[in-house]
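**Student:** Requesting a structural model of the entry that follows:
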Amino acid sequence: MSATTTICLDPKVKDRLASLKHHSRESYSSVIERLVNLAIDEKPLSDEVIHGIEEALVDIKHGRLHSEEEIMKEFDLK
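**Tutor:** Numbers count the residues shown, from 1 in each chain. Got it, this is the predicted structure:
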């Protein structure tokens, strides 16, 4: 079931929505649904993943970084 709702959009926002259409006849409803699905993560991060991110942030703060070139060389990648 669908409902019809009228909304006011800034013309720039409407242009941006139009540019996100997969094809010219795609509805704005479909475009907005895709955006909403991207914005809402139904699978929250696990404690393990959060801990890993926190460790990575500490490494970054302390300058423990590797350049792409270093990593490519270490793993013998071209």
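
**Student:** what number of residues lie near residue 28?
**Tutor:** 14 (other CB atoms under 10 Å). C-beta coordinates here come from the backbone N, C-alpha and C atoms, glycine included.

**Student:** Ramachandran coordinates for it?
**Tutor:** Main-chain dihedrals, residue 28, degrees, to the nearest 10: phi -60, psi -30.

**Student:** now the helices for this protein?
**Tutor:** Assigned by DSSP state H, the chain shows helices spanning 11-19, 28-39, 47-61, 68-74.

**Student:** Not counting the last one itself, show me its contacts.
**Tutor:** Contact with helix 68-74 is made by 66, 77-78, as judged by CB atoms under 8 Å, 6 or more residues apart in numbering.

**Student:** By neighbour count, which of those wins?
**Tutor:** Counting neighbours by other CB under 10 Å, residue 66 leads the contacts of helix 68-74 with 11 neighbours.

**Student:** which residues sit in contact with that residue?
**Tutor:** By CB under 8 Å, 6+ apart, the contact list for residue 66 reads residue 74.

**Student:** What confidence value was assigned to it?
**Tutor:** With respect to pLDDT, residue 66 scores 91.

**Student:** any idea how far it lies from residue 29?
**Tutor:** 45 Å (CB to CB, to the nearest Å).

**Student:** And for the nearest residue to residue 77 once chain neighbours are set aside, the neighbour number?
**Tutor:** The spatial neighbour of residue 77 that comes closest, neighbours along the chain excluded (CB to CB, 6 or more residues apart in numbering), is residue 71 at 7.7 Å. Neighbours of residue 71 under the rule other CB under 10 Å: 10.

**Student:** With residue 7 instead?
**Tutor:** 8.
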